[in-house]
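Asks: can you look at this prediction? I've put the sequence above it.
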Amino acid sequence: MNVPAPEVEVQVGSWEEFGEEARRIRFEVFVAEQRVPADLEIDSIDPLSLHALARCAGAFVGTGRLLPDGHIGRMAVLRSARSKGVGRLLLLSLMAAARDRGDAQVELHSQVHARGFYELFGFEVIGPEFDDAGIAHVTMRASL
C-alpha cells in the first residue's frame, strides 16, 4: 500500500516571525548533528535576512535564509524530513524571493557532500574548497 507523503509548505518571512523555529532546526542539524560550535550558529545577519521555514504534517522541519547581498545560507532539514523534497522547496522559495526583489544571481557556501544537490538548480562551483567550522565547503553561484 502506498501512502502519499505529507504536503510540504514553505513560508518566507523575517527573523522576528520565524527565528524561534529556525534557531531550533539549525541547532539540531548544525550543532547537535554536525558538531558546529553553538556560538557560530546565530549571528548579527539573521535579523537582516529573509528566512524560509518548511512545515510538513504540522511540524517545522527545515529552514534557510537569504541575506541582503544575495547569499543563501543556513540551509537545514531535520533528519526525519530528508529525501522528501523539503530542501528543494526551501531553495526554490529563497531563489524566488531573491528574484522577486531584483537579484540577478544568488551565491552560497555548500558543504561538499551537498554540491550535487545545488547543481540540480543551476549552481556552479566558483572557487576552491575551504573549511568552515571544520566542514569542507565550496562557493557556488546561480543566475536567476
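Replies: Everything's here; your move.
Asks: got the buried residues for the helix or strand bottoming out on mean pLDDT in the chain?
Replies: Sorting the helices and strands of the chain by mean pLDDT, DSSP states H and E puts helix 38-41 at the bottom, at a mean of 82. For helix 38-41, a neighbour-count test (16 or more other C-beta atoms under 10 Å) marks residue 41 as buried. Where you see a C-beta, it was placed from the backbone N, CA and C, and this is true even at glycine.
Asks: what bridges to residue 55?
Replies: Under DSSP bridges, the beta-bridge partners of residue 55 are residue 9, residue 60.
Asks: helices and strands around whichever helix in the chain runs longest, which ones?
Replies: Assignment by DSSP state H gives helix 86-100 as the longest helix of the chain. Applying 3 or more C-beta pairs under 8 Å, 6 or more residues apart in numbering; DSSP states H and E, one finds that helix 86-100 contacts strand 8-13, strand 50-56, strand 59-66, strand 71-77, strand 105-111.
Asks: out of those, nearest to residue 34?
Replies: strand 105-111 (8.5 Å; C-beta to C-beta).
Asks: now for that closest one, which elements pack on it?
Replies: strand 71-77, helix 86-100, helix 115-119, strand 135-143.
Asks: quick check: which of those is buried the most?
Replies: The highest average neighbour count among the helices and strands packed on strand 105-111, using mean count of other C-beta atoms under 10 Å, belongs to strand 71-77 at a mean of 22.
Asks: quick one, that one and helix 86-100 angle?
Replies: 160 degrees (axes from the mean of the first three to the mean of the last three C-alpha atoms, to 10 degrees).
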